[in-house]
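J.: heads up, no residue letters with this:
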């Protein structure tokens, strides 16, 4: 079974990396970019049924993949 | 206008970070994880119309956000 966990910064949390990318894109001549915020995506393959997979993914995100103080995560089981 | 660029490693490219996460999840007692591959996601706000936005996002990904030798990217204009 394939799944994807997407981890993004919570609103209001400063993203210096995103700011640096904004600046770099401007200097590379890419116009019209108002803001950039960077996150992480994890493509995960799991065994077992969907319910077990969702529980394992939630545990993985809570324990390791996301810092839940400053990050949100979204789990998608793709089947 | 909001858009998302998702950057992932091409198939066959070794992902040591993903391997490390697999090991860490096992030691944290998260079962059933067969493989993990990590990528990046960029949430971008842009001005202008959809066509201009897609062109700017493609230029941004080609020039900076993705290393197109080892990475694929997907552009989604969310509206």
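T.: Received it, and whenever you're ready, just let me know what you need. No experiment lies behind these values; they were computed from the predicted model shown.

J.: Which stretches in chain A count as strands?
T.: Under the criterion DSSP state E, chain A contains strands at A:2-9, A:33-46, A:71-77.

J.: what's the shortest one packed up against?
T.: Which is strand A:71-77. Strand A:71-77 sits against strand A:2-9, helix A:50-60, with contacts defined as 3 or more C-beta pairs under 8 Å, 6 or more residues apart in numbering or on different chains; DSSP states H and E. All C-beta atoms are positioned from the backbone trio N, CA, C, and that covers glycine.

J.: Save the strands of chain A as JSON lines, and put in mean neighbour count and mean pLDDT too.
T.: Converted to JSON lines, these look like this (neighbours: other C-beta atoms under 10 Å in any protein chain shown; pLDDT from 0 to 100):
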{"stretch": "strand A:2-9", "mean neighbour count": "19", "mean pLDDT": "98"}
{"stretch": "strand A:33-46", "mean neighbour count": "20", "mean pLDDT": "97"}
{"stretch": "strand A:71-77", "mean neighbour count": "16", "mean pLDDT": "97"}
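
J.: So which of the ones you listed is nearest residue B:67?
T.: Minimum separation from residue B:67 across the strands of chain A (C-beta to C-beta) falls at strand A:33-46, 14.8 Å.

J.: quick one: strands adjacent to that closest one?
T.: Strand A:33-46 has its sheet partners listed here by DSSP bridges as strand A:2-9 (antiparallel), strand B:33-46 (antiparallel).

J.: Next up, the contacts around residue A:9.
T.: The contact partners of residue A:9, by C-beta atoms under 8 Å, 6 or more residues apart in numbering or on different chains, come to A:15, A:37, A:38, A:39, A:70, A:71, A:72.

J.: Thanks again, I'm all set now.
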